[in-house]
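Undergrad: Need a 3D model of the following:
(one chain, ligands or ions: 1)
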Amino acid sequence: MSKKEILNNVSIEGNKLICPICTGKQFWTRKTLMNTTGMSFFNLDWANKKATNYICTHCGYVYWFMK
Ligand SMILES: [Zn+2]
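TA: Residues are numbered from 1 along each chain as shown. Purely as a prediction, here's the structure:
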């Protein structure tokens, strides 16, 4: 369902992604479908958007980006 890989230098909008907790620069990344059970029945499109997670490999802090 979701794939996961390690990235060493992540840039978002030209800025390096740095963990605010441990200042780590290595992240897992995975794509998540924001699919909440039952939500599509009510036609709430935002509930089915794709999100990208960047998860700090050191402390586990999770960034969420939705585009
Ligand atoms: Zn961290």
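
Undergrad: how about the residues of the chain near the ion?
TA: 19, 21-22, 24, 56, 58-59, 61 (Cβ under 5 Å from the ion). (C-beta placed from N, C-alpha, C; glycine too.)

Undergrad: and if we set it to 8 Å?
TA: Residues of the chain lying close to the ion (Cβ under 8 Å from the ion) are 19-24, 56-61.

Undergrad: which stretches of the protein form helices?
TA: With DSSP state H as the definition, the chain shows no helices.

Undergrad: and the spatially most central residue of it, what does it touch?
TA: Nearest to the geometric centre of the chain sits residue 53, at 1.1 Å (Cα atoms, centre = their mean). Residues in contact with residue 53 (Cβ atoms under 8 Å, 6 or more residues apart in numbering) are 28-32, 62-65.

Undergrad: do that again at 10 Å, thanks
TA: For residue 53, the contact set (Cβ atoms under 10 Å, 6 or more residues apart in numbering) comprises 2, 4, 27-32, 62-65.

Undergrad: Could you do residue 21 as well?
TA: Counted by Cβ under 10 Å, 6+ apart, residue 21 has contacts 56, 58-61.

Undergrad: before we move on, the earlier item: with respect to residue 10, which of the contacts of residue 53 is nearest?
TA: residue 27 (5.5 Å; Cβ to Cβ).

Undergrad: close enough to count as contact, the closest one and residue 65?
TA: No - judged on Cβ atoms under 10 Å, residue 27 makes no contact with residue 65 at a distance of 11.5 Å.

Undergrad: and residue 55, how many neighbours does it have?
TA: Residue 55 sits with 19 neighbouring residues when counted by other Cβ atoms under 10 Å.

Undergrad: Model confidence at it, what's the number?
TA: Note on residue 55: pLDDT of 95.

Undergrad: and it, what are its bridge partners?
TA: Here residue 55 shows beta-bridge partners residue 28, residue 62, assigned using DSSP bridges.
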